[in-house]
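Participant: test case, fold it:
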Amino acid sequence: MNMSELQVASDLYWLMALTGFGFVVGLAGLCAGAWAMVRYRAIQDELHRVVTAVQQQLNVVTSGAVGVGEKLSGVEQHLRRTMEKQQELEHRDPGQLPYSQAVRLIAMGATAEDLVHSCGLSRAEADLVFLLHGQIRKGGARAANQ
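Facilitator: Presented below is the predicted three-dimensional model:
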């Protein structure tokens, strides 16, 4: 073997060694890429689970907030009506109070049921006022008849 043939054989040996090394590096890169893809998929699945859980919790919180908002709206309406009634009571003439009006109606011959509808009294209040003032009216009528 002469020198040029040895040189060619040596060059061929290095070429095959570099090709083999390139193949190994390429194969390692391919394995690393495949592993990175598997890891990426696992992280993506975990993120999807977390996002789904957060969405469910957000839906629960949102529906709860809607319920609280509706309840608050109802309380505000009730408060507004109560304040309006309080202002009406503050501005009323003492002669127009329900009990005074009820006594006048009894004197004119009204029944307890009439007091409930006309004066806004409860049935128990109307019965009590009627008993007290109805007896007085009957007693006064008896005294006038005697």
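Participant: so which residue is smack in the middle of the chain?
Facilitator: Ala65 (2.3 Å; C-alpha atoms, centre = their mean).
Participant: where does that one fall, secondary structure wise?
Facilitator: Using DSSP states H and E, Ala65 sits within helix 3-91.
Participant: which helix or strand lies directly C-terminal to that helix?
Facilitator: Using DSSP H and E, the helix or strand that follows helix 3-91 in sequence is helix 98-107.
Participant: who does that following helix touch, helix- and strand-wise?
Facilitator: If you count contacts as 3 or more C-beta pairs under 8 Å, 6 or more residues apart in numbering; DSSP states H and E, helix 98-107 packs onto helix 112-119, helix 123-145. To be clear about C-beta, it is placed using only N, CA and C from the backbone, and glycine gets the same treatment.
Participant: by mean pLDDT, show me the worst of those helices.
Facilitator: Mean pLDDT values for those show the minimum at helix 123-145, a mean of 70.
Participant: which stretches of this structure have low pLDDT?
Facilitator: 1, 90, 92-96, 135-146 (pLDDT under 70).
Participant: how does it look with 50?
Facilitator: Applying pLDDT under 50 to the chain flags the ranges 140-146.
Participant: quick one on the thing from earlier: mind checking how far the helix holding Ala65 is from the chain centre?
Facilitator: Here helix 3-91 is found 28 Å from its chain centre; the criterion is C-alpha atoms, centre = their mean, to the nearest Å.
Participant: for Leu58, see how far away the residue nearest to the centre of the chain is.
Facilitator: According to C-beta to C-beta, to the nearest Å, Ala65 and Leu58 sit 10 Å apart.
Participant: with Gly20 instead?
Facilitator: Taking C-beta to C-beta, one finds Gly20 at 56 Å from Leu58.
Participant: same check on Val25?
Facilitator: 48 Å.
Participant: just give the nearest non-adjacent residue to Ala126, would you?
Facilitator: Leaving out its chain neighbours, the residue that sits closest to Ala126 by C-beta to C-beta, 6 or more residues apart in numbering is Leu115, at 3.8 Å.
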